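Participant: Below are the sequence and a predicted model; questions follow.
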Amino acid sequence: MLKHILSQSILATVAYADALNMPLTAMEVWRGLVGVQGTGYRGQGIENRAKNASSFSEIFFMLKLLKEQKKISEQRGFYFLPGKEDLVAERLWRMRVADEKWKKLMGIVRWLRAVPFLRAVFVTGSLALNNTRENSDYDIFLVSAPGRIFTVRFFVTLMLKMFGMYRSDACVADHVCPNHYVTERSLAIPFHSLYTAHIFATCVRTWSVDQDIKERFMHVNNWIHDYIQIAPEIPRANRHTLPDIWVAKIIRGIGEVTLGPPVGGVLEGMARFLQLVKIRANPKTKYPGSGHVVANDEMLAFHPSSPEFGVLDKYHTNMLQYKTSVD
């Protein structure tokens, strides 16, 4: 029974990755195992989930078994649904593209560390997965100090525009899209689905004042574990994470002292008013359709044309198509 449940979860994981055109390594399967109805961890508390999480050896053994049963395929260390061999070469190319894009983005994050009241920068989306195209932008998720979210957005936007790196409809490839801001006291994400769980489970901390902020974020958003079994972190040096160097601390600190009360409050109020006027006047954010748009003092989220429903539809189609292969 347990093997049957694990095989269902592995197939669900591979099927979801297929919706992203992304074959997976065994490690990637283990570190983002998708839950399905009836699994041993879906809906449990955090401690029980961790205790019942599948080990890498169990995942690797089951992947080999499913391959022998021709329920999934493998090529060059990547696992995928049968008939999708062409995705392997595409994934290898996207990984090379991602490596170059990471270098460019980290050069910008080095400067963002100096933004007053900014507390963390995460990378999300295809770049976080190392599965990005040449014409893709860089999606980033930012955390601000409480009461300064509009100020942070103002300075981040200003800096990105000064570097010619701000993403717009006319400039997409290799431009930064800061599409989600929260504050340190509003880390909870209100959009719950397998798609959003995967986005935030795979986000990469590129810089933060508090090194434990990713752990705090995952604790606050423990609903993610209802969709994905997140394997324990493996201690290793992360070349995509920058330290909070003293120069950035000094510049950021001077800015925060200068923009302390009452000046900072006035600037926050002005930035809030002007940004909300623009947000409400923009057709994309005024009529987001099936996407998510939030604009308040605790969260600024701009996902008006999210691919969420398309990805989930493809995933469910894959699961229906291949359901008989695990029964």
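Facilitator: Cool, the structure landed. Residues are numbered from 1 along each chain as shown.

Participant: Name the residues of the longest helix anywhere in the chain that are buried.
Facilitator: In the chain, assigned by DSSP state H, the helix with the most residues is helix 86-112. For helix 86-112, the neighbour count (16 or more other C-beta atoms under 10 Å) marks 87-88, 91, 94, 97-98, 101-102, 105-106, 108-109, 112 as buried. Just so you know, the C-beta spots here come from the backbone N, C-alpha and C atoms, and that holds for glycine as well.

Participant: what's the next secondary structure element after it?
Facilitator: Downstream of helix 86-112, the next assigned helix or strand under DSSP states H and E is strand 118-124.

Participant: And the residue nearest to residue 147 when sequence neighbours are not counted, how close does it get to residue 183?
Facilitator: Once flanking residues are discounted, residue 147 sits nearest to residue 268: 6.6 Å by C-beta to C-beta, 6 or more residues apart in numbering. Noted for residue 268: a distance of 12 Å to residue 183, by C-beta to C-beta, to the nearest Å.

Participant: between those two, what contacts are shared?
Facilitator: 147, 148 (C-beta atoms under 8 Å, 6 or more residues apart in numbering).

Participant: from the chain's centre, how far out does the host helix or strand of residue 14 sit?
Facilitator: Assigned by DSSP H and E, residue 14 belongs to helix 2-19. In terms of C-alpha atoms, centre = their mean, to the nearest Å, the centre of helix 2-19 is found 21 Å from the chain centre.

Participant: neighbouring contacts of that helix?
Facilitator: 23-24, 28-29, 32-36, 38-40, 54, 58-59, 62-63, 65-66, 71-72, 79-81, 84, 87, 194, 198, 229, 311-312, 314-315, 318-319, 322, 325-326.

Participant: Only the buried subset of the residues you listed, as a PyMOL command please.
Facilitator: PyMOL command restricting these to the buried ones, with burial defined by 16+ other C-beta under 10 Å:
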select buried, resi 23+24+28+29+32+33+34+35+36+39+40+54+59+62+63+66+71+72+79+80+81+84+87+194+198+229+311+314+315+318+319+322+326
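
Participant: Tell me which entries of the contacts of helix 2-19 lie within helices.
Facilitator: Using DSSP H, the contacts of helix 2-19 in helices are 28-29, 58-59, 62-63, 65-66, 87, 194, 198, 311-312, 314-315, 318-319, 322.

Participant: What pLDDT does the model give residue 2?
Facilitator: For residue 2, the pLDDT comes out at 66.
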